[in-house]
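Novice: No sequence on hand, only this structure:
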Ligand code: 5AD
Ligand code: FES
């Protein structure tokens, strides 16, 4: 196993078969070895710096019906909400005061917000906070829409591919939703010039180790600037309510692998990871993650953006989460920085001695 890990470290990828062996046969000691290498890599690019993103969950209306998600259209018990433009701007205002320099506008695919509304929103935020990055996470849109958002000033886009296997994708989503369109969106976003984030759930229903290897190989091809992964966690009002949650250990292993594959990528220790284990996010950082995404949404709506059961931080104010995370990061020797936290391309030859002076 060590030889395989060393090869991943130097070559940054493995064959599908080798990824499968790594994922299925890694002992806890092997994982520790991998995490140490992964920490070394993130330390080289980021030191002990952790980037923060302020997450604003501005609508939980969604036209999609993903079988795993608590805010799927078919969930009649979900209490729906939309934030007004003023409410969103007020989240940014308090976020800015707390040191956030990236705002992530995340929502279900809600047709109530037209492309023009999003353009206006992005423009206003960028005008009020020219030193901040705006990230959109609002699902599958037309190429034209993606271009307009980018021209309005959006810097980054998050769209998890969820699973890179079309059959598996078909078991997680109803017939109208397909993997091909999702992947096309990702390639389009990259081409337009966004910093792109993708990702998947670990332990989603029917997922095999092979599927995970396929996810890794897809990510190798796409070369996203950001990768967000977290364990699948059941939501009681979905068709997958009785499916078991994904494991923390496997999620951590995948974070470590992703760090070795994409040395300078932005990899969050996600809220889902913090939900399945009280120290999940700290463990995520120690496995190679370098970003945390505390919630900036008004407390009155937080509980309603319930993608899965028992989601953490739904009762806390923005400032509480910010400082909670700060002390959590400090407890493991890291610190949160006031910074946009952009992706920085690596110079050529960065694996040689020269990089020691360059980085
Ligand atoms: N458990 C874990 N993650 C989930 N997501 C949606 N539903 C769940 C769930 N039940 C993730 C999806 C989506 C992101 C916003 O949240 O990967 O892309
Ligand atoms: Fe929200 Fe700790 S990060 S309470």
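Specialist: Cool, got the structure. Predicted model, so just to flag it, every value in this text is computed and none were measured. Ligands and ions are numbered 1, 2, ... in the order given.

Novice: Around ligand 2, pick out the residues from the chain.
Specialist: Residues of the chain lying close to ligand 2 by Cβ under 6 Å from any ligand atom are 294, 313, 316, 320-321, 324-325. Every C-beta, even on glycine, is put in place using the N, C-alpha and C of the backbone.

Novice: One more pass at 5 Å, please.
Specialist: 313, 316, 321, 324-325 (Cβ under 5 Å from any ligand atom).

Novice: Can I get those in JSON lines including neighbour count, secondary structure and pLDDT?
Specialist: Below are these laid out as JSON lines (neighbours: other Cβ atoms under 10 Å; DSSP: H, G, I helix; E, B strand; the rest coil; pLDDT from 0 to 100):
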{"residue": "313", "neighbour count": "20", "secondary structure": "coil", "pLDDT": "95"}
{"residue": "316", "neighbour count": "16", "secondary structure": "coil", "pLDDT": "94"}
{"residue": "321", "neighbour count": "23", "secondary structure": "helix", "pLDDT": "96"}
{"residue": "324", "neighbour count": "14", "secondary structure": "helix", "pLDDT": "97"}
{"residue": "325", "neighbour count": "21", "secondary structure": "helix", "pLDDT": "97"}
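
Novice: what are the ranges of the strands in the stretch 201-350 of the chain?
Specialist: 226-231, 291-292, 335-337 (DSSP state E, counting those that start in this stretch).

Novice: between the ones you listed, which one is nearest to ligand 1?
Specialist: Shortest distance between ligand 1 and those, using Cβ to the nearest ligand atom, is found for strand 226-231: 5.4 Å.

Novice: Just the mean pLDDT for the closest one, thanks.
Specialist: Strand 226-231 carries an average pLDDT of 98.

Novice: which other helices and strands contact that strand?
Specialist: Strand 226-231 is packed against strand 156-158, strand 195-202, helix 248-261, helix 271-276, with contacts defined by 3 or more Cβ pairs under 8 Å, 6 or more residues apart in numbering; DSSP states H and E.

Novice: what angle do that strand and strand 195-202 make?
Specialist: 20 degrees (axes from the mean of the first three to the mean of the last three Cα atoms, to 10 degrees).

Novice: Please identify the most buried of the strands of the stretch 201-350 of the chain.
Specialist: strand 226-231 (a mean of 26; mean count of other Cβ atoms under 10 Å).

Novice: Can you tell me the centre-most residue of the chain?
Specialist: Note on the chain: the residue nearest the mean C-alpha position is residue 228, at 2.6 Å, using Cα atoms, centre = their mean.

Novice: Any idea what that one is bridged to?
Specialist: Residue 228 has these beta-bridge partners by DSSP bridges: residue 199.

Novice: measure it to residue 158 for me?
Specialist: Taking Cβ to Cβ, to the nearest Å as the measure, residue 228 falls 7 Å from residue 158.

Novice: what is in contact with those two at once?
Specialist: When contacts are counted by Cβ atoms under 8 Å, 6 or more residues apart in numbering, residue 228 and residue 158 have 197-199 as shared neighbours.

Novice: residue of the stretch 101-250 of the chain with the smallest distance to ligand 2?
Specialist: residue 230 (14.6 Å).

Novice: Now do the same contact list for the closest residue in space to that residue that isn't next to it in sequence.
Specialist: In space, and not counting its chain neighbours, residue 230 is closest to residue 272: 3.1 Å by Cβ to Cβ, 6 or more residues apart in numbering. Listed by Cβ under 8 Å, 6+ apart, the contact partners of residue 272 are 201, 230-233, 308, 311.

Novice: Let's see that with 7 Å instead.
Specialist: Counting by Cβ atoms under 7 Å, 6 or more residues apart in numbering, residue 272 touches 230-231, 233, 308.

Novice: do the same with residue 271
Specialist: With Cβ under 7 Å, 6+ apart, residue 271 has these contacts: 293, 311-313.

Novice: which residues touch residue 229?
Specialist: 199-200, 202, 251, 254-255, 270.

Novice: if you skip the residues just before and after it, what's nearest to it?
Specialist: Using Cβ to Cβ, 6+ apart, the closest residue to residue 229 is residue 199 (4.9 Å).

Novice: So that neighbour versus residue 258, what's the distance?
Specialist: 9 Å.

Novice: Overlap of the contact sets of those two?
Specialist: residue 227.

Novice: of the contacts of residue 271, closest to ligand 2?
Specialist: Closest approach to ligand 2 among the contacts of residue 271 (Cβ to the nearest ligand atom): residue 313, at 3.3 Å.

Novice: was I right about residue 112 contacting residue 61?
Specialist: Yes - counting by Cβ atoms under 7 Å, residue 112 touches residue 61, with 6.4 Å between them.
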